[in-house]
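Enquirer: Have a look at this fold, sequence not included:
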């Protein structure tokens, strides 16, 4: 797990006040703490003897417990594959009781089967669809497409260490040229089919720390070439590329761009590589599984296409403080003393206005040094039947957040006898 989280909780003094109340005392003020504490709790015996790497295989996943408004009812299988999970309202939940009497999640082997189930009316909702599949679903009768901003940002991350294998990446002028060569709107429109908002900073627009005055430049190949020439680079045919590449002292600008092998990231990486090759930079795109664990955590990368969750209190300290470059999540190795001080100060004051000023200056330093290039904030699209009422969507951090108002959902049905009155909604995935 994350070392900074481990250290945080080791320093927290916990005192039981009653059977239902505990007091947590921190050694110093820490405004993000409430967000760090917003995690689910389980009785200690459920996983106390389970190694973290084996949690996914725990029987707890088949014997689900919940303190929320729904409780596990049954699971459907076809051989080793889970085909459905049924829930019903909990009788012990302290809050608002759901209007629906039953909720069924159905799982399909591919999007074609899911779309067919939506067409037949077997399900009332569908998620995890590609842009083309969403367009198909939108043409079906009695369907509504909900578009939700995600509390995430997708960006390019540079390995600034001189031992990364690509020395030019440690030069600011090279990173600036790579920024000017990018066509970020083309990524959003051509690759994502509009399912993204252009990003100018690491914080999403609806986050209180977002600096709305910060703007990244548009594509300008002439400016990119000028920056490289001013830095002493020239175009030359350099082995093993056999095409003209920017080089200095025999060192070409060429590197591998890593991306998750899950869509749409390979396609996004290809669009980025196309733009950089047009500038005269040689790029090899390599889609990989487990990008963070296998490459970022080990610092075995040159440039990476990453997605970062920015949930609740932004607190970018773990990602960008210089102390986190070894063993932490500062994967780029960015070392800016002023930025690190700002991140420390923002962690130590409860004054939101003061914190915004610290984070505003921090975002501008990040823009000046360019250890990362923000690309876009992804949008999620969820298809619902028009007979489902009460669904409200806003910014989501996790896909399950689309059910945030589920207790207030209702389903339009025909008049039935009291014996048939239990409403059922089914969601496909």
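Expert: Ah, there it is. In this text the structure is predicted, and so the values were computed from the model without any measurement.

Enquirer: quick one: contacts for residue 16?
Expert: Residues near residue 16 by C-beta atoms under 8 Å, 6 or more residues apart in numbering: 22, 23. Glycine gets a C-beta too; all of them are placed from N, C-alpha and C.

Enquirer: nope, residue 256 is what I meant
Expert: Residue 256 neighbours (C-beta under 8 Å, 6+ apart): 283, 284, 285, 286, 301, 302, 303.

Enquirer: which residues in the protein form helices?
Expert: With DSSP state H as the criterion, the chain has helices at 3-10, 33-36, 111-120, 131-138, 172-181, 184-186, 221-230, 265-279, 291, 317-320, 337-348, 352-369.

Enquirer: other SSEs contacting the last one?
Expert: Same thing as helix 352-369. Under the contact criterion of 3 or more C-beta pairs under 8 Å, 6 or more residues apart in numbering; DSSP states H and E, helix 352-369 touches helix 337-348.

Enquirer: Could you pull out the buried residues of the helix it packs on?
Expert: For helix 337-348, burial by neighbour count (16 or more other C-beta atoms under 10 Å) applies to 339, 340, 342, 343, 345, 346, 347.

Enquirer: Stretch 279-287 too?
Expert: 279, 280, 281, 282, 283, 285, 286, 287.

Enquirer: leaving aside the residues next to it on the chain, what's closest to the third one?
Expert: The spatially closest residue to residue 281, leaving aside those adjacent along the chain, is residue 253, at 4.8 Å (C-beta to C-beta, 6 or more residues apart in numbering).

Enquirer: Next: the fourth one.
Expert: With sequence-adjacent residues excluded and distances taken as C-beta to C-beta, 6+ apart, residue 282 is closest to residue 254, at 3.6 Å.

Enquirer: Pretty sure that neighbour sits against residue 243.
Expert: No: using C-beta atoms under 8 Å, residue 254 is not in contact with residue 243, being 10.3 Å away.

Enquirer: Who has more neighbours out of those two?
Expert: Between residue 254 and residue 243, counting by other C-beta atoms under 10 Å, residue 254 is the more crowded of the two (20 against 10).

Enquirer: tell me the contacts of that one?
Expert: Each residue near residue 254 by C-beta under 8 Å, 6+ apart is listed here: 166, 241, 245, 281, 282, 283, 284.

Enquirer: And for residue 231?
Expert: The neighbours of residue 231, taking C-beta under 8 Å, 6+ apart as the test, are 171, 173, 174, 248.

Enquirer: Could you identify the most distant pair in the residues you listed?
Expert: 173 and 248 (10.3 Å; C-beta to C-beta).
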